[in-house]
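J.: Task: produce atomic coordinates for the following.
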Amino acid sequence: MSRERASRRFYRGESYSNLVVCMDRGMTAEEENRWNFEVSWEAANKVGGIYTVVRSKAYVSMEELGDQYCLIGPYKEHCARTEVEEGPLGSEALNRAVEAIRQRGFKLHTGRWLVDGNPQIILMDIGSAAWKLDEYKTELWSKTNIGVPHLDIEANDAIILGYMVADFLAEFRNSAEALGEGTPARVVAHFHEWQAGIGLIALRTRHTNVATVFTTHATLLGRYLCAGNTDFYNNLDKFSVDEEAGKRQIYHRYCMERAATHLSHTFTTVSEITGFEAEHLLKRKPDVITPNGLNVKKFSALHEFQNLHALSKEKLHEFVRGHFYGHYDFDLDKTLYFFIAGRYEFGNKGADIFIEALARLNHHLKSMHPEITVVAFMIFPARTNNFNVESLRGHAVTKSLRDTINDIQNKIGKRMYEICLSGRLPDAGDLLEKEELVRLKRVHLLVAEGRTAADHHPQRRRRLERSSFEHRAEVQPVQHHPRQIRRTPLFGLDYEEFVRGCHLGVFPSYYEPWGYTPAECTVMGIPSITTNLSGFGCFMQEHIADPLSYGIYIVDRRYISLEDTVQQLAQYMYDFARLNRRQRIIQRNRTERLSDILDWRNLGVYYRQARMKALHKVFPDYKEEMESGIGTLRYPRPLSEPPSPSSSRVTTPAASVHGSDDESDSVDEEAELEELRRK
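T.: Coordinates of the predicted model:
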């Protein structure tokens, strides 16, 4: 079936706008002398989630704006050497401005960022302007009354970068105006987070005629308050923000963020929940919500992502065989893989209630479905000294067993072939020779000596002990693994393969301004659990009539007690564990259908809307050629609803028949409807 037919069949929401109609590689922007600069501390500098936002959005930004789009960030040699191809920029106006700044004694590195879209990038060497730090601080104090402690290196670097950006944009605007052949230069500068916000403050206090956009991906004070086990969302309107920032010794940083928020022509946040937070902590309601997207690469065959799931799951099977050697007596065909991933913020990311819910899930499975096993992975960055020796030993033993059996199988096959050629059938004594039986016994003894590795993560270990986990339970707690999974002797697959091989992602976050981990699961067709306190969960609730039918389980962490939240999470995991294979395949198909809603081709519209609002404020005569916004897109309930078994009536979709439980099955909406018609 063609992708066009699939799109018409799957998406029945009302019409909406996207960036496709204005993807002309900057031809329109060039005619209008319109430029867009995106300033971020994480441009070609991987620190956290903003790097993913800027990097993934670069492709659609280039498709829309071409060389009228440019990124600006700090020069970090260890990243730039592998991510940036240095060279001149694609515009005379840009190169003139760069040269003017270099003549002031500042070092700038220009070129192309080696990511999808190959956008232009300017990286500023902060050290080359450090001699002007006192001058910049004096200007900041005289115009905004914001003082910065001398020992706060991060804030000092942000000030240097900000004023370097302001100097460059002022020079560039003059160059673009001079080369514009009578067309006024319309420049938009988009700043991400407080580290880049000083540039916005400098532009506004110097009255540079540039339209500004400021995006906060998570408020600075919000991060600190949530890290202290505060009842955050129920007390947002009660916090004395100045006092709270002062107690945490971040008052000057908070003032920078708040000043950038109020001085920007357009203020945006990445989600409604972060907008609610900003309204109380930064005292300004966002003008536009700019949700984060991904570059979604669709497969030509609709079942292809199902095949990738099966291949990656088999690699996870191999890992589990090695990790649980000596205790491996469960059926992998009836084993489900759940995982949680993210920064190691034990409470904010919901790792605490994940473990509590696993204990309840363990009880349900032992009581009602003892044949089902759940292996739970916790993927968090943590300090490590080396590979777990016991795990490496387990993998070595299972590899030895597999290699021995494969070798013996080959020899048995050759003997059977020779015996059959001689005109007789082999008997049992002809198949396995004595030395081969000895080899099998030797590796079997190694397997029998297996022991489980100790848990060296105290916070997680205490929570597991409080939850009364037994290692023999149906839910198997598994050790930490680094968030950025790499191919290693212990774990032979990367993070994307790992996610594709799992059955369910569990992200019960308390503080999650957006949430890339469940979004990544969605575009890979993996169902996930999120919360109504995450930006992703709120976005899905807004745009999907029935998220649960599409494999998006949204746990309530805002309006019910913590105990009720844990019970709800456990129930969601239990309901998922009861699905048979065919029902899981159908649910993965539905989840993958949502990937288009997370594509930057759709979500980039919000960023365009923010830029246009800023342009209208600075250049009132500018007429926007496209009405922005994703409109009232809303995914309906699937016609074959409900997707899960029910004790009171026939299951829908129909129960699997013998022989139909192959993970590579492809089930689409037409097949679901056909099953219903047969009932």
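J.: Quick check: the gap between residue 119 and residue 110.
T.: 12 Å (C-beta to C-beta, to the nearest Å). C-beta: built from backbone N, CA, C; applies to glycine.
J.: How about residues contacting stretch 175-184?
T.: If you take C-beta atoms under 8 Å, 6 or more residues apart in numbering as the criterion, stretch 175-184 is touched by 31-33, 35, 92-94, 96-97, 100, 185, 187, 619.
J.: What is the nearest of the residues you listed to residue 59?
T.: Nearest to residue 59 among these, counting by C-beta to C-beta, is residue 35 at 18.6 Å.
J.: which stretch of helix or strand covers that closest one?
T.: Assigned by DSSP states H and E, residue 35 belongs to strand 34-39.
J.: tilt between the helix or strand just after that strand and strand 34-39?
T.: Using DSSP H and E, the helix or strand that directly follows strand 34-39 along the chain is helix 49-65. Computed with axes from the mean of the first three to the mean of the last three C-alpha atoms, to 10 degrees, the direction of helix 49-65 lies at 170 degrees from that of strand 34-39.
J.: Helix 49-65 packs against which elements?
T.: strand 34-39, strand 69-74, strand 186-192, helix 600-618 (3 or more C-beta pairs under 8 Å, 6 or more residues apart in numbering; DSSP states H and E).
J.: got a list of contacts for the strand holding residue 35?
T.: Contacts of strand 34-39 (C-beta under 8 Å, 6+ apart): 28-29, 54, 61, 65, 68-73, 165, 169, 172, 176, 185-192, 196, 199, 611, 615.
J.: Go ahead and build a ChimeraX selection from the buried members of the contacts of stretch 175-184.
T.: Applying 16 or more other C-beta atoms under 10 Å to those, the buried members can be selected in ChimeraX as follows:
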select :32,33,35,93,94,96,97,100,185,187,619
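J.: Report the two of the contacts of stretch 175-184 separated the most.
T.: 31 and 100 (25.4 Å).
J.: helix, strand or coil for residue 130?
T.: helix (DSSP: H, G, I helix; E, B strand; the rest coil).
J.: Pull the contacting residues for it.
T.: residue 160.
J.: ok, now how distant is it from residue 121?
T.: For residue 130, the distance to residue 121 (C-beta to C-beta) stands at 22 Å.
J.: mind checking how far residue 221 is from residue 372?
T.: In terms of C-beta to C-beta, residue 221 sits 44 Å off from residue 372.
J.: Give me the buried positions along stretch 407-419.
T.: 408, 412.
J.: Any regions of the stretch 501-650 of the chain where pLDDT drops low?
T.: Scanning the stretch 501-650 of the chain with the threshold set as pLDDT under 70 gives 624-635, 639-650.
J.: who touches the residue nearest to residue 551 when sequence neighbours are not counted in this structure?
T.: For residue 551, ignoring the flanking residues on the chain, the nearest one in space by C-beta to C-beta, 6 or more residues apart in numbering is residue 527 at 3.2 Å. For residue 527, the contacting residues are 503-505, 521, 551-553, 576, 587-588, 591, by C-beta under 8 Å, 6+ apart.
J.: so residue 264 sits right up against residue 213, yeah?
T.: Yes. Between residue 264 and residue 213 there is a contact under C-beta atoms under 8 Å: 6.1 Å.
J.: Residues that sit against both of the two, list them.
T.: Common neighbours of residue 264 and residue 213, counting by C-beta under 8 Å, 6+ apart, are 191, 614.
J.: before we move on, back to that, mind giving me TSV with the helices and strands packed on helix 49-65 and columns for distance to residue 353?
T.: Formatted as TSV, those follow (distance: least, C-beta to C-beta, whole Å):
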stretch	distance to residue 353
strand 34-39	36
strand 69-74	36
strand 186-192	30
helix 600-618	29
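J.: wait, which of those is closest to residue 424?
T.: The closest of these to residue 424 is helix 600-618. By C-beta to C-beta, the value is 67.6 Å.
J.: ok and that closest one relative to strand 186-192, angle-wise?
T.: Calculated by the same axes, to 10 degrees, helix 600-618 forms an angle of 120 degrees with strand 186-192.
J.: Quick check: bridge partners of residue 69?
T.: Counting by DSSP bridges, residue 69 is bridged to residue 36.
J.: Just give me the neighbour total for it.
T.: Residue 69 has 21 neighbours, counted by other C-beta atoms under 10 Å.
J.: what does residue 583 give?
T.: Neighbour count for residue 583, taken as other C-beta under 10 Å: 22.
J.: one step back: which one's more surrounded, residue 221 and residue 372?
T.: Ranked by neighbour count (other C-beta under 10 Å), residue 221 and residue 372 place residue 221 first, with 24 against 20.
J.: I'd like to know which of the helices and strands packed on helix 49-65 is closest to residue 283.
T.: strand 186-192 (18.3 Å).
J.: Which neighbouring elements make contact with that closest one?
T.: By 3+ C-beta pairs under 8 Å, 6+ apart, strand 186-192 packs against strand 34-39, helix 49-65, helix 153-178, helix 193-205, strand 211-216, helix 600-618.
J.: Turn these into JSON lines, including distance to residue 336.
T.: Compiled in JSON lines, the helices and strands packed on strand 186-192 are given as follows (distance: least, C-beta to C-beta, whole Å):
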{"stretch": "strand 34-39", "distance to residue 336": "41"}
{"stretch": "helix 49-65", "distance to residue 336": "28"}
{"stretch": "helix 153-178", "distance to residue 336": "43"}
{"stretch": "helix 193-205", "distance to residue 336": "38"}
{"stretch": "strand 211-216", "distance to residue 336": "38"}
{"stretch": "helix 600-618", "distance to residue 336": "31"}
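J.: out of the ones you listed, deepest packed?
T.: strand 211-216 (a mean of 28; mean count of other C-beta atoms under 10 Å).
J.: Would you give the sheet partners of that one, along with the direction of each?
T.: Short version: by DSSP bridges, strand 211-216 pairs with strand 186-192 (parallel), strand 266-269 (parallel).
J.: Centre of the chain to it, how far?
T.: 23 Å (C-alpha atoms, centre = their mean, to the nearest Å).
J.: Now do it against helix 193-205, angle only.
T.: Here strand 211-216 runs at an angle of 160 degrees relative to helix 193-205 (the same axes, to 10 degrees).
J.: So which residues make contact with strand 211-216?
T.: Counting by C-beta under 8 Å, 6+ apart, residues outside strand 211-216 touching it are 186-194, 197, 200, 203-204, 257, 260-261, 263-270, 274, 278, 282, 290, 610-611, 614-615, 617-619.
J.: Save the strands paired with strand 211-216 as a markdown table, and put in distance to residue 208 and mean pLDDT too.
T.: Output for the strands paired with strand 211-216, formatted as a markdown table (distance: least, C-beta to C-beta, whole Å; pLDDT from 0 to 100):
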| stretch | distance to residue 208 | mean pLDDT |
| --- | --- | --- |
| strand 186-192 | 9 | 97 |
| strand 266-269 | 16 | 97 |
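J.: Format those as CSV; extra columns: distance to residue 572.
T.: Formatted as CSV, the strands paired with strand 211-216 follow (distance: least, C-beta to C-beta, whole Å):
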stretch, distance to residue 572
strand 186-192, 34
strand 266-269, 28
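J.: Quick check, residue 349 in contact with residue 509.
T.: Yes. Residue 349 is within contact range of residue 509, at 5.3 Å (criterion: C-beta under 8 Å).
J.: got any residues that touch both of the two?
T.: Common neighbours of residue 349 and residue 509, counting by C-beta under 8 Å, 6+ apart, are residue 342.
J.: Tell me which of the two has more neighbours.
T.: Higher neighbour count among residue 349 and residue 509: residue 509, with 29 against 24, using other C-beta under 10 Å.
J.: Put the alpha carbons of the strand holding residue 35 into CSV.
T.: Provided in CSV are the C-alpha atoms of strand 34-39 (Å, rounded to 0.1, in the frame of the first residue of the first chain):
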residue,chain,number,x,y,z
ARG,A,34,14.8,38.1,6.2
TRP,A,35,17.3,36.3,8.4
ASN,A,36,17.0,33.9,11.3
PHE,A,37,19.8,33.3,13.9
GLU,A,38,19.4,30.6,16.5
VAL,A,39,21.7,31.1,19.5
